[in-house]
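*Asks:* Here you go, sequence then predicted model.
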Amino acid sequence: MSRWRSSLFYVRCKFVMEVVFHTRKVIVFLLIYFISTSVAFSAQKVKISTYDVLPPFAFTDAEGKLTGVYIEIVKRAASRMPNYAVSFSVGPWSRAKRDVKMGVAFAILPPYFHAHDWLTETKPKRPYIWPYSLPLFTQRDVVICNEKVLTASRTVYPDDYQGLTFAMWRGDGRAGVIFNQMVEEKKIDLYLLNDVKSVIPFLLAKRADCTVTPRAPFFWYLKRMKESGKYQKYNKKGVVLKEAIVISSNEGYLGYTDINAEKNFPFKKDFSIKFDIEIYKMKQSGEIQGIIDSFIK
């Protein structure tokens, strides 16, 4: 009888221990679940304004996915910032500039450094984008022309381009202040188009002599137009496009609005610091260069 009672006691103890063990597993699972879901639900949503018409920097691929050098750099850095959920608002560059100037957009990707000339309209005039992130990528801006207008010396920009017609991407400011003054003074004629891709057929049709453009996107489009046969279709007049001069090398940044930011985006300082820390780490590890190489090479 005592042996039977001992066996029963053993079975009961084993049962209780198994119940306790499985209960603890369930409790641990629930804790992990609630912690993870609470982090997910508490993540601050952040929307960044950008464009999708400038490969290899930022564009929509054949599968409808927003990608590019700048997009992937920001995505990679943001993935290591668990308190933030980053998404992109895609539209014309002119609208992105307007929204960040009005304080409607949290940040814009990827402006050059414009703290000296992108200023508020009201006095005292001040930069409407501040701060700028650590530099993400270095771009080279060039003048591309119909080779027939390059028979004359065009080594001094923009003075040597007086009397020519340019086609430019609407909202883009890379041509510079002096260029814009010459346009206002009617010394240079200017057509504004929706994107870089539209500029190439415009040049091939001899509707403009030159353009100021980031080098990589222009030749990206040119190569693909030739591969698809569109270049030959547009180029009925035998135009030869040549790079005339490099006018600048500029870094692209993530730029944050400084208009009503404390009210609309109280997390701006925290986000900008954490973002820069991740960008610095990615630069040191070579990760950013790896992203660049995957698109450019």
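*Replies:* Yes, it's here. Being a predicted model, the structure only gives us computed values, none of them experimental.
*Asks:* now the helices for this structure?
*Replies:* For the chain, the helices defined by DSSP state H cover 2-42, 69-78, 93-102, 177-184, 196-204, 215-228, 230-234, 261-264, 268-285, 287-296.
*Asks:* Rounded mean pLDDT for the longest one, please.
*Replies:* This means helix 2-42. Mean per-residue pLDDT for helix 2-42: 49.
*Asks:* For the nearest residue to Lys226 once chain neighbours are set aside, grab the count of nearby residues.
*Replies:* Counting by Cβ to Cβ, 6 or more residues apart in numbering, Lys226 lies nearest to Gln232, which is 7.6 Å off, once chain neighbours are set aside. Any C-beta I mention is one placed from the backbone N, CA and C, and that applies to glycine too. Number of residues near Gln232 (other Cβ atoms under 10 Å) recorded here: 11.
*Asks:* And Gln232, how far from Gly255?
*Replies:* According to Cβ to Cβ, to the nearest Å, Gln232 stands 40 Å off from Gly255.
*Asks:* and if you look at Cys210?
*Replies:* As judged by Cβ to Cβ, Cys210 and Gly255 stand 28 Å apart.
*Asks:* Neighbour count: these two, which is higher?
*Replies:* Gly255 (29 against 25).
*Asks:* for that one, what are its contacts?
*Replies:* 100, 107-109, 111, 114, 129-133 (Cβ atoms under 8 Å, 6 or more residues apart in numbering).
*Asks:* between those, which is nearest Thr165?
*Replies:* His114 (25.9 Å; Cβ to Cβ).
*Asks:* Can you read off the pLDDT for that closest one?
*Replies:* 96.
*Asks:* Next: Lys223.
*Replies:* 88.
*Asks:* what does Asp172 give?
*Replies:* According to the model, Asp172 carries a pLDDT of 81.
*Asks:* who touches the spatially closest residue to it that is not a sequence neighbour in this structure?
*Replies:* Nearest residue to Asp172, sequence neighbours excluded (Cβ to Cβ, 6+ apart): Trp93, at 6.4 Å. Trp93 is in contact with 51, 169-172, counting by Cβ under 8 Å, 6+ apart.
*Asks:* try 7 Å this time
*Replies:* Applying Cβ atoms under 7 Å, 6 or more residues apart in numbering to Trp93 gives the contacts 51, 171-172.
*Asks:* Not counting its neighbours along the chain, what's nearest Pro201?
*Replies:* Spatial nearest neighbour of Pro201, chain neighbours left out: Tyr234 (4.5 Å); criterion: Cβ to Cβ, 6+ apart.
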